[in-house]
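Colleague: sequence isn't available, so here's the structure alone:
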Ligand SMILES: N[C@H](CCC[C@H](N)C(=O)O)C(=O)O
């Protein structure tokens with residue numbers, strides 16, 4: 001059995017564990033959930049699995065609840081930095097394959113700064129998938145138990161439900177995020193963003209992630225929120241997206257291809273002790 005060597009990074013407080021697939025292959029889905037647990041494990045917003053391919057790096061993204069995401073923006077930025085740290089890439093742009101499509105990553109001369117070409121924002125609800133029979137759902141009413149929200153549906157390769165609000169309230173994100181994540185419209189659930197338009201170049205967003213819950217930042221969420229506001233004519237083509245964990249710079253082309261740039265920091269490399277997977281008696285208090 002190879003040692004369970006893992007690496008921990010964060011992008012604006014959106015933290016991920018990274019490991020080679022030879023490590024992930026030794027772990028059950030339940031053990032990955034324990035690994036991501038904030039108290040019983042190392043703690044993270046997900047696990048990034050490196051295929052190890054020298055030429056065509058492929059990334060798998062596992063959420064803390066064990067579900068698999070098609071794409072992750074901060075996850076891709078962290079994966080790009082990891083590949084740079086282990087000498088697999090340099091400062092030239094390179095391609096990464098994900099279940100949600102191919103992307104191009106660039107590690108800038110300051111290796112803390114990483115850009116990802118995230119592909120084209122897709123506003124057709126079937127791309128999420130979402131059970132809304134329209135070509136686009138922007139400023140569209142979503143009825144919840146006690147209120148109706150105005151939402152925009154966007155796929156960045158993974159699903160996003162963007163809620164337009166006059167004033168961002170993070171308590172509302174915690175309260176309504178789970179209801180929207182699990183709404184019947186979304187057969188594979190959805191990521192959720194509450195968006196306040198500050199001006200034509202600035203958004204504030206609060207994030208409730210599918211399979212992860214409230215996070216400090218999210219790259220694909222930033223791309224989805226900025227693209228929806230661009231489609232609605234509320235912002236220009238270069239947008240600073242502010243989140244509790246910090247800011248990402250988003251650029252949107254006329255065809256809605258989206259580029260995101262921001263920082264990544266390495267936290268640690270560590271070897272996981274299998275003892276953390278030994279079942280403990282849990283009591284309900
Ligand atoms: N934090 C990630 C989002 C992960 C999305 C994942 N929760 C999903 O199920 O799609 C990001 O930076 O894009």
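Modeller: Perfect, thanks for sending it. All values reported here derive from a predicted model rather than from experimental measurement.
Colleague: the stretch 1-150 of the chain: helices as residue ranges?
Modeller: Using DSSP state H, counting those that start in this stretch, the helices assigned to the stretch 1-150 of the chain run over residues 21-24, 29-36, 73-85.
Colleague: JSON lines for the ones you listed, including mean neighbour count and mean pLDDT?
Modeller: Backbone N, C-alpha and C define where each C-beta goes, glycine included. Converted to JSON lines, the helices of the stretch 1-150 of the chain look like this (neighbours: other Cβ atoms under 10 Å; pLDDT from 0 to 100):
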{"stretch": "helix 21-24", "mean neighbour count": "17", "mean pLDDT": "97"}
{"stretch": "helix 29-36", "mean neighbour count": "18", "mean pLDDT": "97"}
{"stretch": "helix 73-85", "mean neighbour count": "25", "mean pLDDT": "98"}
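Colleague: can you tell which of those helices is closest to residue 48?
Modeller: Relative to residue 48, the nearest member of the helices of the stretch 1-150 of the chain by Cβ to Cβ is helix 73-85, separated by 5.3 Å.
Colleague: how far off centre is that closest one?
Modeller: Computed by Cα atoms, centre = their mean, to the nearest Å, the chain-centroid distance of helix 73-85 equals 12 Å.
Colleague: same check, this time on stretch 239-259
Modeller: 13 Å.
Colleague: what's the neighbour count on the nearest residue to residue 136 once chain neighbours are set aside?
Modeller: Nearest residue to residue 136 in three dimensions, chain neighbours excluded: residue 123, at 4.4 Å (Cβ to Cβ, 6 or more residues apart in numbering). When neighbours are counted by other Cβ atoms under 10 Å, residue 123 registers 21.
Colleague: give me the mean pLDDT for stretch 177-186.
Modeller: Average pLDDT, stretch 177-186: 98.
Colleague: check the offset of that stretch from the chain's centre.
Modeller: For stretch 177-186, the distance to the chain centre is 17 Å (Cα atoms, centre = their mean).
Colleague: what of stretch 187-198?
Modeller: With Cα atoms, centre = their mean, you get 11 Å for stretch 187-198.
Colleague: one more: stretch 31-38?
Modeller: For stretch 31-38, the distance to the chain centre is 17 Å (Cα atoms, centre = their mean).
Colleague: please read off the pLDDT at the spatially most central residue of the chain from the model.
Modeller: Taking Cα atoms, centre = their mean, the centroid of the chain lies closest to residue 72, which sits 3.8 Å from it. Residue 72 carries a pLDDT value of 98.
Colleague: quick check: residue 165 vs residue 90, distance?
Modeller: In this view, residue 165 and residue 90 are 42 Å apart by Cβ to Cβ, to the nearest Å.
Colleague: of those two, which one has the most company?
Modeller: residue 165 (17 against 10).
Colleague: excluding chain neighbours, what is closest to the more buried one?
Modeller: Counting by Cβ to Cβ, 6+ apart, the residue nearest residue 165 is residue 194, at 5.3 Å.
Colleague: in contact with residue 81, which residues?
Modeller: Residues in contact with residue 81 (Cβ atoms under 8 Å, 6 or more residues apart in numbering) are 9, 107, 111, 112, 114, 264, 266.
Colleague: do residue 148 as well
Modeller: With contacts defined as Cβ under 8 Å, 6+ apart, residue 148 is in contact with 141, 142.
Colleague: does the residue nearest to residue 136 touch residue 138 like I think?
Modeller: Yes - at 6.7 Å, residue 123 counts as touching residue 138 under the criterion of Cβ atoms under 8 Å.
Colleague: now for those two: what residues contact both?
Modeller: 152, 153, 228, 231.
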